[in-house]
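Student: Sequence first, then the predicted structure, then my questions.
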Amino acid sequence: MTTSAPAEGLLAPFLTEVERKVGLGLTTSRILREIREGGYTGGRTILAERVRELRAKSAVPPRRKQAKARFETKIAEEMQFDFGTYRVLIGGVETVAHAFLGELAWSRLASVDLFRDQKQSTVFEALAGALQDFDGAAEKAVIDNITSIVLGRTFVDGKRKPLLHPVAEEFAKHHSFEFWPCAPRDPDRKGKDENLVGYFERDFIKGSTFDSWEDLRRRAREWCKNVANKRTHGTTGLVPEVAWRERERDLLARLPATPFAVHRDEPRAVAPDSTLSIGGTLYTVPAELANTVVTVRLFAHHFEVVDREGRVALARGYVDPRDKGKLQLDPEHYASLRRSRDRGRRQRLDEQLRERFPTLGPLLDGITRRMKTLSHVHLGVLARLASRYGDATFLKAATRVQEAGRLDAYAVQRVLERDHPLVDESDPPVATLGGAGAVLLADVDEGSFDRFDALDGDAPSKEDGHGS
């Protein structure tokens, strides 16, 4: 069959890209979908002819289809599940990704998600997610003989029968279906799902790179929803999403209102620096948990840290492969330490000033009440002023400010600067606080002098909200 020159012209700008994608082993459908995203407006026929020519030139042998015994299942009777393991680039790091693929055998509605491992808790979390995608459960779930579900086989009445893990039996009972492990390497029994595994690899995984785990998961699920479930199936001639919505969904067993617990609980010790290790990576947790033993709930895509009262103190996702082993620091986890330090500093400064200047109680009370979390800054300013100008001079200025109702350390400073302009700040202090005073002052922030007004005779006396 020959094609017209205009059709050839539409494909010409994309030939280099088509050749590259053919070299990666991508399907014609995927190549068509991707070059259309790049602006190709031609049809499938001309592209398919060029793909065949390129494959012939590169000696890429066509996929040899394995002979299978055809069988079909009744509506809502069966669902099939399997894992596919791939090496993919995530953030430039080659990473092993485990794809969990499920399919309703009658409608061919598919479910896809990606996981970091195939641990038992991961398997049941994957199954629970697939049932959510199906919005129900078929009568039986055909699976391989994975050890998290199938412990082995035993003879019952002269026949070999699968021996299921107790958790698998509970999971199946909770969702009103039965597990049907197929015979190992059975080429026929799980043919529908095996086809989905290969289809997912050819039409999505091959030649793809991803920015992060979330990028991989999001794109895989979008592919499943917008490509796999909206294509016309080659065997049934139906669109899976339409067949499921119009005929199969209402016949599936309804999912229970209470979810099945799919996480692992592990006790972990929190270090003095408020960190704990998960999967070889240190994560910070709220400082209140330092030096305690917490329970960590490990899910497939995130974890939760539970305190002794059973409250979730932290929930977050795991790091991407490129950040594995790097400390994951959240400064907010140490906020309580800063608040505690400020409270202690404020209390010590307040005690020092009250002991030295008993008549300034109203001023100190007002600053503490008005400035709240910034009161330690104002108390520190008062302590510095007393050391710089001497007790008598400082007390006289502070008393004036107190009597004027200006509960502001910077008002005291302005009075002193105005009445005693010849004081050289580079000179040593006239008097210093004794005992721990020097240490306390070294810890106090200077604050900004620009934010406060001078103490004038006509200045308003109402609070202006500094520090509140």
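Tutor: Yep, it's here.

Student: Centre-most residue in the chain?
Tutor: Centroid-nearest residue in the chain, with Cα atoms, centre = their mean: residue 317, separated by 3.3 Å.

Student: Over to residue 79. Which of the three states is it?
Tutor: strand (DSSP: H, G, I helix; E, B strand; the rest coil).

Student: Pull the contacting residues for it.
Tutor: With contact set as Cβ atoms under 8 Å, 6 or more residues apart in numbering, residue 79 has these partners: 102, 103, 104, 105, 130, 134, 137, 138, 140, 141, 142, 177. C-beta here means a position set from N, CA and C on the backbone, and glycine is covered the same way.

Student: Using just helix, strand and coil, how would you label residue 108?
Tutor: Going by three-state DSSP: residue 108 is coil.

Student: my guess is it contacts residue 233, does it?
Tutor: Yes. Here residue 108 reaches residue 233: they are 5.0 Å apart, a contact under Cβ atoms under 8 Å.

Student: what do these two both touch?
Tutor: By Cβ under 8 Å, 6+ apart, the residues touching both residue 108 and residue 233 are residue 240.

Student: ok, these two, which is more surrounded?
Tutor: Higher neighbour count among residue 108 and residue 233: residue 108, with 24 against 15, using other Cβ atoms under 10 Å.

Student: what's the nearest residue to that one if we skip its chain neighbours?
Tutor: Spatially, and ignoring its direct neighbours in sequence, residue 108 is nearest to residue 240 (4.3 Å; Cβ to Cβ, 6 or more residues apart in numbering).

Student: any chance you could read off phi and psi for the one you found?
Tutor: Main-chain torsions, residue 240, degrees, to the nearest 10: phi -50, psi -50.

Student: How much space separates the residue nearest to the centre of the chain from residue 280?
Tutor: According to Cβ to Cβ, to the nearest Å, residue 317 stands 15 Å off from residue 280.

Student: Might you list the low-confidence residue ranges for the protein?
Tutor: Scanning the chain for pLDDT under 70 picks out the ranges 1-9, 58-72, 183-194, 336-346, 373, 422-468.

Student: mind listing what the residue nearest to residue 108 touches?
Tutor: Applying Cβ under 8 Å, 6+ apart, the residues near residue 240 are 104, 107, 108, 109, 110, 228, 229, 230, 231, 233.

Student: next one: residue 117
Tutor: residue 98.

Student: could you measure it against residue 95, distance?
Tutor: Taking Cβ to Cβ, one finds residue 117 at 12 Å from residue 95.

Student: Residue 289 - nearest residue in space that isn't next to it in sequence?
Tutor: Closest to residue 289 by Cβ to Cβ, 6+ apart is residue 270, at 4.8 Å.

Student: For the one you found, give me phi and psi.
Tutor: According to degrees, to the nearest 10, residue 270 has phi -90, psi 130.

Student: how far does stretch 264-271 sit from the chain's center?
Tutor: Its chain's C-alpha centre and that of stretch 264-271 lie 19 Å apart, by Cα atoms, centre = their mean, to the nearest Å.

Student: which outside residues touch that stretch?
Tutor: 119, 121, 276-278, 285, 289-298, 305.

Student: Next, the buried residues of it.
Tutor: Neighbour-count burial for stretch 264-271, counted by 16 or more other Cβ atoms under 10 Å, picks out 264, 268, 270.

Student: same question, stretch 315-334
Tutor: Within stretch 315-334, judged by 16+ other Cβ under 10 Å, the buried ones are 318, 319, 320, 321, 333, 334.

Student: now, which of those lie within strands?
Tutor: Using DSSP state E, the subset of those located in strands is empty.

Student: tell me which of those residues is nearest to residue 41?
Tutor: residue 320 (36.9 Å; Cβ to Cβ).

Student: ok, now which ones touch the closest one?
Tutor: 90, 91, 93, 212, 213.

Student: and the gap between it and residue 264?
Tutor: 21 Å.

Student: Then residue 113?
Tutor: If you go by Cβ to Cβ, the gap between residue 113 and residue 264 works out to 18 Å.

Student: Just the terminal-to-terminal distance for stretch 101-111.
Tutor: 6 Å (Cα to Cα, to the nearest Å).

Student: re the thing from before, between the buried residues of stretch 264-271, which sits nearest residue 84?
Tutor: residue 264 (23.3 Å).

Student: Specify the residue ranges that define each domain of this structure.
Tutor: 5-57, 78-251, 264-329, 336-451 (automatic domain parsing).
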